[in-house]
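Undergrad: just coords:
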């Protein structure tokens, strides 16, 4: 452990990172490693960078391995860490240790999510006992720790387990929390202010966050009893804090960080918004909302909150007003024409205009401007951190329109829109464009009734003619020469199209696509990026399940569109700058997906450019979204071009094998999951046999180290599946399929995380390896399956286990009969199959997902009618109940026709937009949707499962007269009518 500091520092250096991480991984397996890391964090004599790196590495160990069943942490170490973490948080209570304390708090939260309260029953008592009457450095550390544990409740779905945990906490924490909150509030608001006012206010901010945590699921009795104390319209703590403006804590006007009072007020208004949504009856008992609204309105109306530091508070204030309006409980407060007019004039209009800060961002940090302006997910997924002022102001307008004041609001806002347009037309100064920018933004707000991030506006205000406004006022900016109009107005025009794309007809959209194409060539970063975003969303529009735009619609301009997009990406320079603008890459991907086979004449140039870009960004992978889209682009180009022109397949292989080899040799772990999927896609395009280049990879693919990276596993499974399907003879003759089985048994099946992938690989083995070759290895596989069932079964495992049994009996493979499976189980232990059937299979059958029903029906049919073991004692005793379970599946015959997605030629493509929401290097797996074709029906040989069952029962009844008695022993209410229906259909038993 003496090497820990050196290794942690080395892990921060790109040149030594990989080797250092491998050494740290080896050390982390040793007993005492967790405690050593924590002691390093707490050691004040250590280098600050080492301490912070140790806290981050400890958190990552907890995150990735605390509940991991493959490389578990030492249980004794875990117990020691649970006991030491809260004291460590208190030891790190000094302001200089804030960064390390945040990491330790996150570790506490991660462990609590798994272990609390069952394996960590003392946690809350330890926190409560650590609270101090006067040491607020310690209090802040304790409260931040509590917040790190409780804040996850905000996003959790209600459940009995959740409420049991919340109640467990409230019994121990609520009373002490309210006491210290009351004490702290009194100190903060005392006169004269205490010398440690900033520290006390910092604690109050965390307490308000905790107040939200503790009330976000239900209103606890303690908080209900104390409601008036906090929400009272005159003397409530929250009301007093909203009006509180201590001179001592006012920040620098140019500071971009919110002051402590602003943070406190923002958090209080978040609670008020929560109460408006969940507990409106509590607020209606007194004039709390009216009091809060008055304070907020006064603050917003002063015009003194223009600084960036106040953005969060202003936005949250506007959200609070919007929520109050939407609630419908405060119509007298917001519903009169005079109120609407003054609300729009005093609150909405001042916050819709662009400020100098936004224009500086527009020019100096364009990607952040775009992300905030469109509320797009930030890097690596997740919703945009906070809405901007203008978005929050626009939401007030939408709330007024939605609350029944549509006519009055449209008239008032319309007046301001008209004023903005006329001020622009008058053009008195160089900033006149700002008046039109505000007018267009206000029009967007008042016209929008319903919208989603993915689909844009879905319903509009009937009193606003969006298309007419576009043609009268917006179209001119879209087609103007860039030198003749401010770039922001061109961005407004493009954003207008982006927002109202669903309100325009296909012909109208086709007519503006050339203008958007032209804007891709703009020199303005925001302008060409908005054009790319808008083109991508237009091409994504659907009518029902069908894409609105087909390859015929885009064939004439798609190659040039791709040329402009790729040229923009290529010209960026460094690997980080090339990968920075994922909007461009996403648009290129969408053009490829839409243009499909029409790109065949130019596919080689496109492919080569994509490979070159990949070569550049692989030197320093920095943007997981960009990576997802470039691999999707390569995959989609191959999928569609090769489908139309199979002779192009070797060209793709020649272009891709070199970069794939480099990625594997250099162990670029961010790209390896994609590489396995691309390799699988290329191999699947071969009709039979795998070329030598693919076979040369097999040894590497079956080595244990490559399976240790969790993100590799799905891609590896997909690739090995392709080998089993396309290169079966070689997999048998070389014996490689036995190594595949070893991976399944040793690596995948024991893992609760990866057992599903193990079953997928096992099904591929059973479906493709001849039963005679598989026979000697099948018994150990069954033993491994049953052992896991006995030692650590989960609901997910039982599902996969039962599906595997049904799948094995259902598929049509020569020599693979139901008795092949049943006989192997009986070899393990006589009469074992009847126990498996009674205890696991029959109880699970009604729970099987609809997508699996056909396979289950065919598997049960073959088991009941083709297995001699099923007709022997004592197994025959389970036949009637198994048949009754089978019959019940016919109650929903619509799920028995074919596997989901089997008829969809575009399967997988539509999933790209959902997958991208979770793209990120922390994600366990980045799936390549474009590489996935329609799923084959494993029992496609059965067209009508009812007819198949009837035929098999007739055949069996001719050779075995016991069938009638077996049918009679089933559930009469279920089996009787079914057999009668079969007889009526001509199946005489």
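TA: Cool, the structure landed. Just so it is clear, the model here is predicted, and its values are computed rather than measured. Numbers count the residues shown, from 1 in each chain.
Undergrad: drop to CA atoms for contacts and neighbour counts, all remaining ones
TA: Will do.
Undergrad: so after the helix or strand bottoming out on mean pLDDT in the chain, what's the next helix or strand?
TA: Sorting the helices and strands of the chain by mean pLDDT, DSSP states H and E puts helix 912-915 at the bottom, at a mean of 48. As assigned by DSSP states H and E, the chain's next helix or strand after helix 912-915 is helix 945-959.
Undergrad: Touching that next one from outside, list them.
TA: Here helix 945-959 makes contact (C-alpha atoms under 8 Å, 6 or more residues apart in numbering) with 854, 857-858, 861-862, 865-866, 890, 896-897, 942, 963-964, 982, 987-989.
Undergrad: same check, this time on stretch 758-765
TA: Stretch 758-765 is contacted by residues 717, 720-721, 724-725, 737, 740-741, 744-745, 748-749, 800-801, 804, 807-808 when judged by C-alpha under 8 Å, 6+ apart.
Undergrad: try it again with 7 Å
TA: By C-alpha atoms under 7 Å, 6 or more residues apart in numbering, the residues outside stretch 758-765 that reach it are 717, 721, 724, 744, 748-749, 800, 804.
Undergrad: right, and out of the residues you listed, which lies closest to residue 7?
TA: For the contacts of stretch 758-765, the closest approach to residue 7 (C-alpha to C-alpha) belongs to residue 748, at 30.9 Å.
Undergrad: since we're on the closest one, how many residues are nearby?
TA: Neighbours of residue 748 under the rule other C-alpha atoms under 10 Å: 22.
Undergrad: what's it in contact with, if anything?
TA: Counting by C-alpha under 7 Å, 6+ apart, residue 748 makes contact with 754-755, 757-758.
Undergrad: Show me where the stretch 401-550 of the chain has its helices.
TA: 406-426, 433-447, 466-469, 475-479, 487-499, 506-520, 525-540 (DSSP state H, counting those that start in this stretch).
Undergrad: Export those to TSV and append columns for mean neighbour count.
TA: TSV is the format used below for those (neighbours: other C-alpha atoms under 10 Å):
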stretch	mean neighbour count
helix 406-426	18
helix 433-447	23
helix 466-469	14
helix 475-479	19
helix 487-499	23
helix 506-520	17
helix 525-540	24
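Undergrad: So which of the ones you listed is nearest residue 281?
TA: Nearest to residue 281, of all the helices of the stretch 401-550 of the chain, is helix 406-426, at 26.2 Å by C-alpha to C-alpha.
Undergrad: hmm, who's touching the closest one?
TA: Residues contacting helix 406-426 (C-alpha under 7 Å, 6+ apart): 337, 340-341, 400-401, 432-433, 435-436, 438-439, 442-443, 446.
Undergrad: Name the nearest of these relative to residue 168.
TA: Looking across those and measuring by C-alpha to C-alpha, the closest to residue 168 is residue 400, at 41.3 Å.
Undergrad: Off-centre distance for the helix or strand the closest one falls within?
TA: Take DSSP H and E as the rule and residue 400 turns out to sit in helix 389-402. Mean-position distance between helix 389-402 and its chain equals 27 Å (C-alpha atoms, centre = their mean, to the nearest Å).
Undergrad: in it, what's buried?
TA: 389-402 (16 or more other C-alpha atoms under 10 Å).
Undergrad: pLDDT on that helix, on average?
TA: On average, the pLDDT along helix 389-402 is 95.
Undergrad: For that helix, name the packing helices and strands.
TA: Here helix 389-402 touches helix 311-327, helix 349-352, helix 406-426, helix 433-447, strand 448-452, going by 3 or more C-alpha pairs under 7 Å, 6 or more residues apart in numbering; DSSP states H and E.
Undergrad: Just the mean pLDDT for the fourth one, thanks.
TA: Along helix 433-447, the predicted local confidence has a mean pLDDT of 97.
Undergrad: between that helix and helix 487-499, how big is the angle?
TA: Orientation check (axes from the mean of the first three to the mean of the last three C-alpha atoms, to 10 degrees): helix 433-447 against helix 487-499 gives 10 degrees.
Undergrad: Mind listing residues that contact helix 433-447?
TA: The contact list for helix 433-447 (C-alpha under 7 Å, 6+ apart) reads 352-353, 394, 397-398, 410, 417, 420-421, 423-424, 460-461, 464, 486, 489, 492.
Undergrad: How far does it sit from its chain's centre?
TA: Its chain's C-alpha centre and that of helix 433-447 lie 33 Å apart, by C-alpha atoms, centre = their mean.
Undergrad: that older thread, show me which of the contacts of stretch 758-765 is closest to residue 831.
TA: Top of the list for closeness to residue 831, among the contacts of stretch 758-765 and by C-alpha to C-alpha, is residue 804 at 19.9 Å.
Undergrad: and that closest one, how far is that from residue 796?
TA: Separation of residue 804 from residue 796 (C-alpha to C-alpha, to the nearest Å): 12 Å.
Undergrad: So for the two, which sits in the more crowded spot?
TA: Taking residue 804 and residue 796 together and counting by other C-alpha under 10 Å, residue 804 has the greater number of neighbours (20 against 12).
Undergrad: Contacts only, for that one.
TA: If you count contacts by C-alpha under 7 Å, 6+ apart, residue 804 has them with 759, 763.
Undergrad: how about the strands of this structure, start to end?
TA: Ranges of strands in the chain, per DSSP state E, are 448-452, 456-460, 542-543, 546-547.
Undergrad: To residue 54, which of those lies closest?
TA: The closest of the strands of the chain to residue 54 is strand 448-452. By C-alpha to C-alpha, the value is 41.7 Å.
Undergrad: In its sheet, which strands sit next to that closest one, and in what direction?
TA: Strand pairing for strand 448-452, determined by DSSP bridges: strand 456-460 (antiparallel).
Undergrad: Quick check: which of the strands of the chain is buried the most?
TA: Of all the strands of the chain, strand 456-460 has the most neighbours on average by mean count of other C-alpha atoms under 10 Å, namely a mean of 18.
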